[in-house]
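A.B. asks: requesting a structural model of the entry that follows:
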Amino acid sequence: MAYNPHVQARYGHCDSFFVESEDGRYSSHPEVRERFRHNQRVQQRKLAEDLSQLTADEYQDDILIHMEHMESQTLPDVNSIDIQTEIQWFMRPYLLDFLVEAHAAFGLLPETLFLAVNLLDRYCSRRVVYKRHYQLVGCAALLIAAKYGDKKDRVPTIRELKSMCCSLYDDEMFTQMEWHVLQTLNWIIGHPTIDAFLQLALADTDYDAETEHMTLYIAEIALFHKEFVSTKPSVLARSALALARCILSRPQARSSEWAGAFDQQTVMNLSNQLYQPSQVLSRKYGSPHLSNVSGKVDHFLQRQAEILRRAAAPPSPPPTITLEIPKPTATSYFGPQTPHNKAVYGAVMQHGCPTPPITPENELFQNGPIPKSQPVPGYPSTPNATLPPNVQQPAQYYPGSYLQPQI
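C.D. replies: Below you'll find the predicted structure:
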(Lines give C-alpha, C1' and ligand atoms only; values in the text may rest on other atoms or scores of the structure.)
Protein backbone atom coordinates (compact mmCIF):
# COMPACT_ATOMS: atom_id res chain seq x y z
CA MET A 1 0.00 0.00 0.00
CA ALA A 2 1.43 3.29 -1.06
CA TYR A 3 1.56 6.33 1.12
CA ASN A 4 -1.15 8.87 0.38
CA PRO A 5 -0.78 12.21 2.11
CA HIS A 6 -4.35 13.24 1.28
CA VAL A 7 -5.73 10.27 3.19
CA GLN A 8 -3.68 11.19 6.28
CA ALA A 9 -4.81 14.81 6.02
CA ARG A 10 -8.48 13.77 5.75
CA TYR A 11 -8.65 11.20 8.56
CA GLY A 12 -5.94 12.59 10.78
CA HIS A 13 -2.87 10.92 12.22
CA CYS A 14 -3.05 7.23 13.09
CA ASP A 15 -0.25 5.30 14.80
CA SER A 16 -1.30 2.07 13.16
CA PHE A 17 -1.45 3.58 9.69
CA PHE A 18 0.73 1.52 7.37
CA VAL A 19 3.34 3.48 5.41
CA GLU A 20 5.73 1.94 2.97
CA SER A 21 9.40 2.98 3.02
CA GLU A 22 10.49 5.37 0.30
CA ASP A 23 13.11 4.67 -2.28
CA GLY A 24 16.64 4.48 -0.81
CA ARG A 25 17.86 7.35 -2.93
CA TYR A 26 15.41 9.78 -1.29
CA SER A 27 15.45 8.35 2.20
CA SER A 28 19.23 8.68 2.65
CA HIS A 29 20.52 11.27 5.07
CA PRO A 30 21.50 14.70 3.62
CA GLU A 31 25.06 14.30 4.90
CA VAL A 32 25.46 11.04 3.03
CA ARG A 33 24.22 12.65 -0.19
CA GLU A 34 26.58 15.59 0.25
CA ARG A 35 29.52 13.24 0.81
CA PHE A 36 28.62 11.35 -2.35
CA ARG A 37 28.52 14.58 -4.37
CA HIS A 38 31.85 15.71 -2.96
CA ASN A 39 33.51 12.46 -3.98
CA GLN A 40 32.09 12.85 -7.46
CA ARG A 41 33.51 16.35 -7.76
CA VAL A 42 36.95 15.20 -6.55
CA GLN A 43 37.01 12.42 -9.13
CA GLN A 44 35.98 14.78 -11.90
CA ARG A 45 38.64 17.30 -10.89
CA LYS A 46 41.30 14.60 -10.79
CA LEU A 47 40.26 13.39 -14.24
CA ALA A 48 40.39 16.96 -15.59
CA GLU A 49 43.89 17.49 -14.14
CA ASP A 50 45.13 14.27 -15.72
CA LEU A 51 43.74 15.25 -19.10
CA SER A 52 45.22 18.74 -18.78
CA GLN A 53 48.61 17.27 -17.91
CA LEU A 54 48.51 14.98 -20.92
CA THR A 55 47.59 17.92 -23.14
CA ALA A 56 50.32 20.10 -21.63
CA ASP A 57 52.96 17.44 -22.16
CA GLU A 58 51.90 17.05 -25.76
CA TYR A 59 51.96 20.77 -26.53
CA GLN A 60 54.73 21.78 -24.13
CA ASP A 61 57.19 22.79 -26.83
CA ASP A 62 54.58 24.83 -28.69
CA ILE A 63 53.53 26.57 -25.49
CA LEU A 64 57.13 27.49 -24.68
CA ILE A 65 57.73 28.87 -28.17
CA HIS A 66 54.59 31.01 -27.94
CA MET A 67 55.54 32.30 -24.49
CA GLU A 68 59.01 33.30 -25.66
CA HIS A 69 57.47 35.10 -28.64
CA MET A 70 54.97 36.96 -26.46
CA GLU A 71 57.56 38.07 -23.93
CA SER A 72 59.47 39.82 -26.70
CA GLN A 73 56.33 41.55 -27.93
CA THR A 74 55.24 42.78 -24.50
CA LEU A 75 58.49 44.16 -23.08
CA PRO A 76 58.51 47.83 -21.96
CA ASP A 77 60.91 50.33 -23.49
CA VAL A 78 63.31 51.86 -20.99
CA ASN A 79 64.39 54.66 -23.35
CA SER A 80 60.79 55.83 -23.69
CA ILE A 81 60.38 55.93 -19.91
CA ASP A 82 63.57 57.99 -19.64
CA ILE A 83 62.01 60.87 -21.58
CA GLN A 84 59.05 61.23 -19.21
CA THR A 85 58.71 64.85 -18.15
CA GLU A 86 57.40 64.47 -14.59
CA ILE A 87 57.88 60.94 -13.31
CA GLN A 88 61.43 59.86 -12.51
CA TRP A 89 63.04 56.52 -11.82
CA PHE A 90 63.48 57.27 -8.12
CA MET A 91 59.68 57.45 -7.78
CA ARG A 92 59.18 53.92 -9.07
CA PRO A 93 60.36 52.00 -5.94
CA TYR A 94 57.87 53.90 -3.79
CA LEU A 95 55.02 52.95 -6.10
CA LEU A 96 56.19 49.34 -6.19
CA ASP A 97 56.24 49.23 -2.38
CA PHE A 98 52.60 50.32 -2.46
CA LEU A 99 51.70 47.68 -5.06
CA VAL A 100 53.50 44.93 -3.11
CA GLU A 101 51.60 45.81 0.05
CA ALA A 102 48.29 45.94 -1.83
CA HIS A 103 49.07 42.64 -3.55
CA ALA A 104 49.80 40.97 -0.20
CA ALA A 105 46.73 42.52 1.46
CA PHE A 106 44.36 41.07 -1.15
CA GLY A 107 46.15 37.69 -1.21
CA LEU A 108 46.66 37.68 -4.97
CA LEU A 109 48.72 35.18 -6.96
CA PRO A 110 52.44 35.87 -7.53
CA GLU A 111 51.97 36.21 -11.30
CA THR A 112 49.47 39.03 -10.70
CA LEU A 113 52.18 41.28 -9.25
CA PHE A 114 54.59 40.65 -12.14
CA LEU A 115 51.84 41.27 -14.69
CA ALA A 116 50.75 44.50 -12.95
CA VAL A 117 54.31 45.88 -13.01
CA ASN A 118 54.63 44.95 -16.68
CA LEU A 119 51.38 46.76 -17.53
CA LEU A 120 52.54 49.80 -15.56
CA ASP A 121 55.89 50.02 -17.38
CA ARG A 122 54.36 49.39 -20.79
CA TYR A 123 51.85 52.18 -20.27
CA CYS A 124 54.58 54.58 -19.08
CA SER A 125 56.61 53.78 -22.19
CA ARG A 126 53.72 54.83 -24.45
CA ARG A 127 51.95 57.67 -22.64
CA VAL A 128 53.01 60.79 -20.80
CA VAL A 129 52.15 60.25 -17.14
CA TYR A 130 51.75 63.10 -14.69
CA LYS A 131 53.20 62.73 -11.23
CA ARG A 132 49.80 63.09 -9.57
CA HIS A 133 48.41 60.20 -11.68
CA TYR A 134 51.33 57.78 -11.21
CA GLN A 135 49.70 55.93 -8.32
CA LEU A 136 46.38 55.82 -10.18
CA VAL A 137 48.06 54.08 -13.13
CA GLY A 138 49.58 51.53 -10.73
CA CYS A 139 46.19 50.78 -9.18
CA ALA A 140 44.60 50.39 -12.61
CA ALA A 141 47.38 48.00 -13.66
CA LEU A 142 46.90 45.91 -10.50
CA LEU A 143 43.14 45.81 -11.06
CA ILE A 144 43.53 44.65 -14.68
CA ALA A 145 46.10 42.00 -13.74
CA ALA A 146 43.87 40.63 -10.97
CA LYS A 147 40.87 40.42 -13.29
CA TYR A 148 42.98 38.70 -15.95
CA GLY A 149 44.50 35.79 -14.05
CA ASP A 150 43.50 35.76 -10.38
CA LYS A 151 40.59 34.32 -8.49
CA LYS A 152 37.33 36.19 -8.83
CA ASP A 153 36.66 36.46 -5.11
CA ARG A 154 40.07 38.09 -4.52
CA VAL A 155 39.88 40.79 -7.17
CA PRO A 156 40.02 44.17 -5.38
CA THR A 157 37.12 46.53 -5.73
CA ILE A 158 37.35 50.18 -6.65
CA ARG A 159 36.17 51.12 -3.16
CA GLU A 160 39.06 49.14 -1.60
CA LEU A 161 41.62 50.69 -3.94
CA LYS A 162 40.21 54.14 -3.23
CA SER A 163 40.55 53.51 0.50
CA MET A 164 44.17 52.41 0.08
CA CYS A 165 44.87 55.63 -1.85
CA CYS A 166 43.37 57.69 1.00
CA SER A 167 40.49 58.84 -1.27
CA LEU A 168 42.91 60.73 -3.47
CA TYR A 169 40.99 59.70 -6.61
CA ASP A 170 37.28 59.39 -7.36
CA ASP A 171 35.58 56.16 -8.37
CA GLU A 172 35.15 57.37 -11.93
CA MET A 173 38.88 58.10 -12.24
CA PHE A 174 39.72 54.44 -11.55
CA THR A 175 37.29 53.31 -14.24
CA GLN A 176 38.57 55.82 -16.79
CA MET A 177 42.21 54.97 -16.11
CA GLU A 178 41.51 51.24 -16.40
CA TRP A 179 39.88 51.77 -19.79
CA HIS A 180 42.69 54.09 -20.92
CA VAL A 181 45.40 51.58 -20.00
CA LEU A 182 43.64 48.81 -21.91
CA GLN A 183 43.15 51.03 -24.94
CA THR A 184 46.78 52.17 -24.91
CA LEU A 185 48.04 48.57 -24.81
CA ASN A 186 45.63 47.53 -27.59
CA TRP A 187 43.99 45.13 -25.12
CA ILE A 188 47.09 42.90 -25.19
CA ILE A 189 47.43 41.70 -21.62
CA GLY A 190 48.82 38.20 -22.09
CA HIS A 191 52.38 38.81 -20.94
CA PRO A 192 54.30 35.67 -19.84
CA THR A 193 55.49 36.50 -16.34
CA ILE A 194 58.53 35.30 -14.40
CA ASP A 195 56.28 33.05 -12.33
CA ALA A 196 54.95 31.32 -15.47
CA PHE A 197 58.47 30.50 -16.67
CA LEU A 198 59.45 29.44 -13.15
CA GLN A 199 56.66 26.86 -13.07
CA LEU A 200 57.97 25.45 -16.35
CA ALA A 201 61.49 25.24 -14.93
CA LEU A 202 60.28 23.43 -11.80
CA ALA A 203 57.84 21.11 -13.57
CA ASP A 204 60.28 18.20 -13.86
CA THR A 205 61.65 18.41 -10.31
CA ASP A 206 60.28 17.53 -6.90
CA TYR A 207 58.37 20.31 -5.22
CA ASP A 208 60.62 22.46 -3.05
CA ALA A 209 58.75 25.33 -1.44
CA GLU A 210 61.91 26.96 -0.08
CA THR A 211 63.55 27.13 -3.51
CA GLU A 212 60.40 28.53 -5.10
CA HIS A 213 59.99 31.21 -2.43
CA MET A 214 63.66 32.18 -2.69
CA THR A 215 63.36 32.51 -6.48
CA LEU A 216 60.27 34.69 -6.19
CA TYR A 217 62.00 36.87 -3.61
CA ILE A 218 64.97 37.44 -5.92
CA ALA A 219 62.67 38.07 -8.88
CA GLU A 220 60.66 40.67 -6.95
CA ILE A 221 63.88 42.40 -5.91
CA ALA A 222 64.70 42.69 -9.62
CA LEU A 223 61.41 44.54 -10.21
CA PHE A 224 62.76 47.55 -8.30
CA HIS A 225 65.79 48.14 -10.54
CA LYS A 226 65.92 49.83 -13.90
CA GLU A 227 68.50 47.46 -15.39
CA PHE A 228 66.03 44.54 -15.29
CA VAL A 229 63.01 46.33 -16.77
CA SER A 230 63.83 45.29 -20.34
CA THR A 231 65.24 41.86 -19.42
CA LYS A 232 63.16 38.96 -20.68
CA PRO A 233 61.17 37.12 -17.98
CA SER A 234 62.52 33.76 -19.16
CA VAL A 235 66.10 34.94 -18.59
CA LEU A 236 65.23 36.38 -15.18
CA ALA A 237 63.38 33.22 -14.14
CA ARG A 238 66.28 30.89 -14.96
CA SER A 239 68.89 33.25 -13.47
CA ALA A 240 66.91 33.81 -10.27
CA LEU A 241 66.39 30.07 -9.91
CA ALA A 242 70.12 29.40 -10.34
CA LEU A 243 70.97 32.05 -7.72
CA ALA A 244 68.35 30.69 -5.31
CA ARG A 245 69.78 27.19 -5.60
CA CYS A 246 73.26 28.57 -4.98
CA ILE A 247 72.13 30.37 -1.82
CA LEU A 248 70.29 27.31 -0.49
CA SER A 249 73.07 24.88 -1.54
CA ARG A 250 70.76 23.00 -3.89
CA PRO A 251 72.09 21.14 -6.95
CA GLN A 252 71.90 23.08 -10.18
CA ALA A 253 70.01 21.89 -13.25
CA ARG A 254 71.92 20.19 -16.02
CA SER A 255 73.07 22.34 -18.89
CA SER A 256 71.01 20.24 -21.29
CA GLU A 257 67.77 21.22 -19.54
CA TRP A 258 65.88 24.44 -20.21
CA ALA A 259 66.37 25.65 -16.63
CA GLY A 260 70.11 25.06 -16.84
CA ALA A 261 70.64 27.56 -19.68
CA PHE A 262 70.85 30.60 -17.39
CA ASP A 263 72.86 33.75 -18.04
CA GLN A 264 75.96 34.15 -15.86
CA GLN A 265 76.00 37.94 -16.14
CA THR A 266 72.36 38.21 -15.10
CA VAL A 267 73.07 36.01 -12.10
CA MET A 268 75.91 38.31 -11.06
CA ASN A 269 73.73 41.40 -11.50
CA LEU A 270 70.99 39.84 -9.39
CA SER A 271 73.45 38.93 -6.66
CA ASN A 272 74.68 42.53 -6.51
CA GLN A 273 71.14 43.73 -5.70
CA LEU A 274 70.66 41.44 -2.70
CA TYR A 275 72.45 43.76 -0.27
CA GLN A 276 69.82 46.50 -0.03
CA PRO A 277 66.37 45.06 -0.74
CA SER A 278 63.14 46.91 -0.16
CA GLN A 279 62.03 46.86 3.46
CA VAL A 280 58.52 45.92 2.32
CA LEU A 281 59.88 42.86 0.52
CA SER A 282 62.04 41.93 3.51
CA ARG A 283 59.02 41.95 5.81
CA LYS A 284 56.87 40.10 3.27
CA TYR A 285 59.35 37.26 2.72
CA GLY A 286 60.37 37.16 6.37
CA SER A 287 57.11 35.40 7.29
CA PRO A 288 57.10 31.66 8.08
CA HIS A 289 54.64 30.76 5.30
CA LEU A 290 57.22 32.08 2.80
CA SER A 291 60.06 30.09 4.41
CA ASN A 292 61.69 33.23 5.87
CA VAL A 293 63.89 33.48 2.79
CA SER A 294 64.83 37.13 3.41
CA GLY A 295 66.52 36.17 6.67
CA LYS A 296 68.35 33.31 4.94
CA VAL A 297 69.64 35.71 2.29
CA ASP A 298 70.99 38.01 4.99
CA HIS A 299 72.73 35.10 6.68
CA PHE A 300 74.21 34.00 3.35
CA LEU A 301 75.56 37.49 2.66
CA GLN A 302 77.15 37.65 6.10
CA ARG A 303 78.93 34.36 5.49
CA GLN A 304 80.19 35.54 2.13
CA ALA A 305 81.46 38.80 3.63
CA GLU A 306 83.32 36.88 6.32
CA ILE A 307 84.94 34.62 3.74
CA LEU A 308 86.06 37.60 1.66
CA ARG A 309 87.39 39.37 4.73
CA ARG A 310 89.50 36.38 5.68
CA ALA A 311 90.80 35.99 2.15
CA ALA A 312 91.75 39.68 1.89
CA ALA A 313 93.46 39.86 5.31
CA PRO A 314 97.31 39.76 5.07
CA PRO A 315 99.04 36.79 6.71
CA SER A 316 100.15 37.44 10.26
CA PRO A 317 103.95 37.99 10.52
CA PRO A 318 106.02 35.58 12.62
CA PRO A 319 106.79 36.68 16.16
CA THR A 320 109.96 38.76 16.48
CA ILE A 321 112.34 39.03 19.43
CA THR A 322 113.24 42.56 20.46
CA LEU A 323 116.56 43.11 22.17
CA GLU A 324 116.93 46.18 24.33
CA ILE A 325 120.45 47.67 24.52
CA PRO A 326 121.06 49.40 27.87
CA LYS A 327 122.23 52.97 27.70
CA PRO A 328 125.45 54.08 29.50
CA THR A 329 124.83 55.45 32.97
CA ALA A 330 127.66 58.03 33.04
CA THR A 331 128.02 60.69 30.35
CA SER A 332 130.28 63.66 29.81
CA TYR A 333 128.70 67.10 29.81
CA PHE A 334 131.73 68.95 28.38
CA GLY A 335 133.50 68.38 25.11
CA PRO A 336 132.75 65.88 22.41
CA GLN A 337 131.66 62.36 23.24
CA THR A 338 133.80 59.35 22.46
CA PRO A 339 131.99 56.97 20.11
CA HIS A 340 130.73 53.75 21.70
CA ASN A 341 130.37 51.69 18.55
CA LYS A 342 132.21 48.49 19.22
CA ALA A 343 132.08 47.48 15.59
CA VAL A 344 134.15 50.53 14.70
CA TYR A 345 136.60 50.87 17.56
CA GLY A 346 136.67 47.35 19.00
CA ALA A 347 136.51 47.34 22.82
CA VAL A 348 139.23 45.66 24.80
CA MET A 349 138.48 43.08 27.47
CA GLN A 350 141.09 42.92 30.24
CA HIS A 351 140.77 41.05 33.50
CA GLY A 352 137.18 40.22 32.59
CA CYS A 353 136.05 43.90 32.65
CA PRO A 354 135.05 45.98 29.60
CA THR A 355 137.29 49.01 28.94
CA PRO A 356 136.40 52.20 27.08
CA PRO A 357 137.49 52.52 23.44
CA ILE A 358 140.76 54.21 22.55
CA THR A 359 140.61 57.99 22.37
CA PRO A 360 141.76 59.37 18.96
CA GLU A 361 145.12 61.05 18.98
CA ASN A 362 146.00 64.38 17.32
CA GLU A 363 142.55 64.62 15.68
CA LEU A 364 140.18 65.96 18.28
CA PHE A 365 142.68 67.73 20.54
CA GLN A 366 145.06 70.15 18.82
CA ASN A 367 146.86 71.59 21.94
CA GLY A 368 150.13 69.69 21.71
CA PRO A 369 151.08 66.33 23.09
CA ILE A 370 148.62 64.66 25.41
CA PRO A 371 150.11 63.28 28.63
CA LYS A 372 149.16 59.86 29.80
CA SER A 373 146.40 59.56 32.33
CA GLN A 374 146.75 57.90 35.64
CA PRO A 375 145.50 54.34 35.89
CA VAL A 376 142.22 53.80 37.62
CA PRO A 377 142.53 51.81 40.80
CA GLY A 378 141.07 48.37 40.41
CA TYR A 379 140.66 48.61 36.60
CA PRO A 380 143.24 48.53 33.80
CA SER A 381 143.97 51.76 32.05
CA THR A 382 143.03 52.51 28.49
CA PRO A 383 146.00 52.27 26.11
CA ASN A 384 147.28 55.65 24.85
CA ALA A 385 144.51 57.49 26.70
CA THR A 386 145.97 61.00 27.52
CA LEU A 387 144.64 64.34 28.70
CA PRO A 388 145.44 67.86 27.43
CA PRO A 389 148.17 69.78 29.32
CA ASN A 390 145.78 72.44 30.60
CA VAL A 391 143.57 69.86 32.32
CA GLN A 392 144.51 68.88 35.86
CA GLN A 393 144.45 65.27 36.87
CA PRO A 394 141.51 64.59 39.16
CA ALA A 395 141.95 62.79 42.40
CA GLN A 396 139.73 59.95 41.31
CA TYR A 397 139.01 58.74 37.74
CA TYR A 398 135.73 56.93 37.23
CA PRO A 399 135.14 54.47 34.43
CA GLY A 400 133.05 55.91 31.64
CA SER A 401 134.14 59.51 32.23
CA TYR A 402 136.66 59.80 29.43
CA LEU A 403 137.01 63.60 29.37
CA GLN A 404 137.06 65.73 32.47
CA PRO A 405 135.86 69.36 32.63
CA GLN A 406 138.48 72.06 32.31
CA ILE A 407 139.45 74.05 35.45
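A.B. asks: domains in the chain, as residue ranges please.
C.D. replies: As recorded under automatic domain parsing, the domains making up the chain are 75-191, 193-312.
A.B. asks: got a list of what the residue nearest to Met91 when sequence neighbours are not counted touches?
C.D. replies: Spatial nearest neighbour of Met91, chain neighbours left out: Tyr134 (6.4 Å); criterion: C-beta to C-beta, 6 or more residues apart in numbering. Using the backbone N, CA and C atoms, a C-beta is placed for each residue, glycine as well. Applying C-beta atoms under 8 Å, 6 or more residues apart in numbering to Tyr134 gives the contacts 87, 91, 95.
A.B. asks: count the residues that sit near the residue nearest to Leu95 when sequence neighbours are not counted.
C.D. replies: In space, and not counting its chain neighbours, Leu95 is closest to Gly138: 5.0 Å by C-beta to C-beta, 6+ apart. The tally of other residues near Gly138 (other C-beta atoms under 10 Å) stands at 25.
A.B. asks: just checking, Gly138 touches Phe98?
C.D. replies: Yes - if you go by C-beta atoms under 8 Å, Gly138 and Phe98 touch, sitting 6.7 Å apart.
A.B. asks: now stretch 179-198: average pLDDT?
C.D. replies: Throughout stretch 179-198, pLDDT has a mean value of 92.
A.B. asks: counting neighbours, which bits of the helix or strand hosting Ala141 end up buried?
C.D. replies: Here Ala141 sits within helix 134-149, counting by DSSP states H and E. Residues 134-146, 148-149 are the ones in helix 134-149 that count as buried (16 or more other C-beta atoms under 10 Å).
A.B. asks: just the pLDDT for the spatially most central residue of the chain.
C.D. replies: Nearest to the mean C-alpha position of the chain, by C-alpha atoms, centre = their mean, lies Leu274 at 2.2 Å. At Leu274, the predicted lDDT confidence score is 91.
A.B. asks: if we ignore the residues flanking it in sequence, what's nearest it?
C.D. replies: Nearest one to Leu274, counting by C-beta to C-beta, 6+ apart, is Val297 at 5.7 Å.
A.B. asks: next, count neighbours for the one you found.
C.D. replies: The local packing of Val297 (other C-beta under 10 Å) involves 23 other residues.
A.B. asks: helices and strands around the one helix or strand it maps to, which ones?
C.D. replies: Taking DSSP H and E as the definition, Val297 sits inside helix 293-312. The helices and strands touching helix 293-312, judged by 3 or more C-beta pairs under 8 Å, 6 or more residues apart in numbering; DSSP states H and E, are helix 209-222, helix 233-247, helix 279-284.
A.B. asks: now for those helices, which one comes closest to Asn292?
C.D. replies: helix 209-222 (8.8 Å; C-beta to C-beta).
A.B. asks: Val235 contacts Val267, doesn't it?
C.D. replies: No - here Val235 lies out of contact with Val267, judged by C-beta under 8 Å, at a distance of 10.0 Å.
A.B. asks: show me what contacts the residue nearest to Leu274?
C.D. replies: Going by C-beta under 8 Å, 6+ apart, Val297 touches 214, 217, 247, 274, 277.
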